[in-house]
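Q: Build the 3D model from these lines:
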Amino acid sequence: MHGEMLVGAGSWATTRYRSRLQELWARLSAWLRPNEAIEMCVQRYGYQPQHFRWHGIVMRVGHIEKVWEEVKRQQARRYFRVLCQNGQSYVVFQDLRLGAWYMQR
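A: Alright, predicted model coming up:
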């Protein structure tokens with residue numbers, strides 16, 4: 001009976017370990033994917049995305065859900081979580097040093 005408890009505990013620990021590994025792998029994969037350059041077609045107030053082109057398709061922003069900035073030693077970025085009129089939510093950002101826009105992957 002004691003051996004059965006160890007097997008059960010081992011199975012639980014193995015399942016938990018696998019789950020944690022899958023979560024870490026998903027985060028690492030997302031981090032390693034390169035951001036994709038997008039064309040900002042129209043900006044509201046000179047800095048907020050209104051329309052952008054991604055893979056040849058013009059995406060119209062219906063609502064900006066969140067705005068934040070990250071300033072690090074070699075980069076400064078302004079991020080926007082946008083809800084487009086197609087119902088999809090995206091994170092786009094502007095490299096403030098270069099002026100270039102990207103889709104965060």
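Q: distance of the closest residue to Glu36 other than its chain neighbours from Leu24?
A: Sequence neighbours aside, Met103 is the residue nearest to Glu36 in space, at 4.6 Å (criterion: Cβ to Cβ, 6 or more residues apart in numbering). Using the backbone N, CA and C atoms, a C-beta is placed for each residue, glycine as well. From Met103 across to Leu24, the span is 24 Å (Cβ to Cβ, to the nearest Å).
Q: between those two, which one's more packed in?
A: Shown here are Met103 and Leu24; by other Cβ atoms under 10 Å, Met103 has more neighbours (16 against 10).
Q: and that one, what is it in contact with?
A: 35-38, 54, 90-92 (Cβ atoms under 8 Å, 6 or more residues apart in numbering).
Q: who wins for most neighbours among those residues?
A: When neighbours are counted by other Cβ under 10 Å, Val92 leads the contacts of Met103 with 24 neighbours.
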